[in-house]
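Enquirer: One predicted model, sequence on top.
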Amino acid sequence: MSNKPKRSIANRLNRAQVAINNTLADTEILNRATEYGFAETKMQAGLALFQTAQGAVNARNLAQGFSSKPPSICWRRKQRRKRQPRAQRSKPPRTSTPR
């Protein structure tokens with residue numbers, strides 16, 4: 001079983017976009033990719049597929065209420081403020097144990 005951390009969908013899409021854009025932008029890379037069966041038309045099809053996948057992910061995120069921005073750092077502070085103050089929390093009675 002592999003212990004590799006899973007990559008997020010956003011990370012995978014980003015890596016695919018970088019690879020496709022770099023291949024289309026650099027003729028030397030495109031020539032090498034063509035040797036392996038990835039001609040410019042196939043790369044353009046991959047770019048279209050990427051854009052479709054990116055749109056689907058964005059639509060899903062909007063439907064679930066996620067924004068494109070990362071969550072605020074202050075979120076955890078807001079959660080802490082909702083707790084009861086320390087003095088009002090119930091504490092279990094201290095018991096002494098013989099040593």
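Expert: Structure received. Residues are numbered from 1 along each chain as shown.
Enquirer: ok, and for the one helix or strand Ala56 maps to, which residues are buried?
Expert: Using DSSP states H and E, Ala56 falls within helix 40-64. The neighbour-count check on helix 40-64 (16 or more other CB atoms under 10 Å) flags Met43, Gly46, Leu47, Phe50, Gln54 as buried. (Each C-beta comes from the backbone N, C-alpha and C, glycine too.)
Enquirer: Using JSON lines, lay out those residues together with distance to Leu24 and pLDDT.
Expert: JSON lines is the format used below for the buried residues of helix 40-64 (distance: CB to CB, whole Å; pLDDT from 0 to 100):
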{"residue": "Met43", "distance to Leu24": "6", "pLDDT": "95"}
{"residue": "Gly46", "distance to Leu24": "9", "pLDDT": "94"}
{"residue": "Leu47", "distance to Leu24": "7", "pLDDT": "94"}
{"residue": "Phe50", "distance to Leu24": "11", "pLDDT": "94"}
{"residue": "Gln54", "distance to Leu24": "16", "pLDDT": "93"}
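Enquirer: can you tell me which of those lies nearest to Glu35?
Expert: Nearest to Glu35 among the buried residues of helix 40-64: Met43, at 13.3 Å, using CB to CB.
Enquirer: ok, that closest one touching Ala33?
Expert: Yes - counting by CB atoms under 8 Å, Ala33 is a contact partner of Met43 at 7.0 Å.
Enquirer: so what sits against both of those two?
Expert: Thr23 (CB atoms under 8 Å, 6 or more residues apart in numbering).
Enquirer: Now do the SS call for Ser96.
Expert: Per DSSP: H, G, I helix; E, B strand; the rest coil, the local secondary structure of Ser96 is coil.
Enquirer: what residues are up against it?
Expert: Counted by CB under 8 Å, 6+ apart, Ser96 has zero contacts.
Enquirer: and it, how far is that from Gln64?
Expert: In this view, Ser96 and Gln64 are 51 Å apart by CB to CB, to the nearest Å.
Enquirer: Ok, Phe38 next?
Expert: 34 Å.
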